[in-house]
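Asks: Predicted model, plus sequence, below.
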Amino acid sequence: MIVRVLGSAAGGGVPQWNCSCANCDAARGGRAPRRTQSSLAVSAGGRSWLLLNCSPDVAQQIESYPALHPSPPRSTPIGGILLTDANVDHLGGLAVLRQRGTGGFRLRSSSVVAAIATAQPAFAPFSLPPHRWLEVPLGDFCANDGDDDPVGARLQVRTIAVPGTTPGYDGRRRVRGAVVAYEIAERESDARLLFAPVFSEIDAELRRAIEACTVAFLDGSFYSDDELRACGLLDKSARALGHQPVGGADGTLAQLRGTPARRIFTHMNNSNPMLDPQSAAFGAVRESGAEIAYDGMELAL
Ligand SMILES: [Zn+2]
Ligand SMILES: [Zn+2]
């Protein structure tokens, strides 16, 4: 299985158009890498690809990776899209992909996410032919949906409901299925990828999935709960926004100390001090053996 990090930032990216924080200024000034909004591309064999979330930067992300380029006259190697939640930075790219000519996309999300997303005029067409919007069974494997579907044919995908809320535009309702993670394995391989870019806490089910996988992409939005306030950027805590912080006594690093899986943080908000290699937060991540994703990072599992 090939795993490509298309984007590694939370909503807004790094730099964010209206932000002049230290990380955004460093990226703008060429002193730190730029980051687009978080998404992964996954493939068994490299011919048909699954997108894990579809960021508003998807056009740029496709251009940046030849494996996702179209072939003549107009066809895409993207065989399906999995959505973890209904946040705009995770599905806003659908509005960019609306030019598809023949055939349609096969999208998958929880029923909660499908209901919220398809109520938005920009995304509603994706629930109608030629597209298909399939609801994923929470806690179970996704069924195959035909010959050209990479899910179920070469990739086994299991959905895990994780603690979290619906997006701000839907009132941040805490309902099961508002946020999910995906566990993906290639048939006849023991390697397992876990994609969990958003969670507000690690419950028993998510912990089991992290401990059982080979590589886990984890919510790296914020290092500390009060980071947005401390930077003077927003009067909200990480947890109020649905993200468990990475650092601190009860953060993700502390909770997963000793976990055998390779842990890679993604979906970093531009306020996150982990993005600065000189910071204590960066040092703590490295010291724990975890990693920080970057745009263009590639893994073979
Ligand atoms: Zn996000
Ligand atoms: Zn910033």
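Replies: Yep, it's here. Ligands and ions are numbered 1, 2, ... in the order given.
Asks: could you check the distance from Leu193 over to Pro260?
Replies: 15 Å (CB to CB, to the nearest Å). To be clear about C-beta, it is placed using only N, CA and C from the backbone, and glycine gets the same treatment.
Asks: In this structure Ser221 contacts Met274, no?
Replies: No. Look at Ser221 against Met274 with CB atoms under 8 Å: they stay out of range, at 10.1 Å.
Asks: before we move on, back to that, more crowded one of Leu193 and Pro260?
Replies: Ranked by neighbour count (other CB atoms under 10 Å), Leu193 and Pro260 place Leu193 first, with 24 against 10.
Asks: wait, is the more buried one part of a strand?
Replies: Yes. Looking at Leu193 with DSSP: H, G, I helix; E, B strand; the rest coil, it is inside a strand.
Asks: Who are the contact partners of the residue nearest to it when sequence neighbours are not counted?
Replies: If the residues on either side of it in the chain are set aside, Leu193 comes closest to Ile184, at 4.6 Å by CB to CB, 6 or more residues apart in numbering. Ile184 is in contact with 1, 42, 50, 155-158, 192-195, counting by CB atoms under 8 Å, 6 or more residues apart in numbering.
Asks: Which residues outside the strand or helix carrying Val151 are in contact with it?
Replies: Element membership for Val151, per DSSP states H and E: helix 150-153. If you take CB under 8 Å, 6+ apart as the criterion, helix 150-153 is touched by 43-44, 48-50, 79-80, 106, 108, 141-145, 147, 157, 187.
Asks: swap in stretch 242-262?
Replies: 164-165, 172, 179, 194, 198-202, 207, 210-216, 218-225, 227, 238-239, 263, 265, 272, 274, 281, 284-285, 288, 290-291.
Asks: quick one: which of those sit in strands?
Replies: 194, 215-216, 218-219, 263, 265, 291 (DSSP state E).
Asks: Now tabulate these in a markdown table and tack on pLDDT.
Replies: Putting these into a markdown table (pLDDT from 0 to 100) gives the following:
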| residue | pLDDT |
| --- | --- |
| Leu194 | 98 |
| Val215 | 98 |
| Ala216 | 98 |
| Leu218 | 98 |
| Asp219 | 98 |
| Arg263 | 98 |
| Phe265 | 98 |
| Glu291 | 98 |
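Asks: For ligand 1, tell me which of those residues show up nearby.
Replies: Counting by CB under 5 Å from the ion, nothing from the ones in strands among the contacts of stretch 242-262 sits close to ligand 1.
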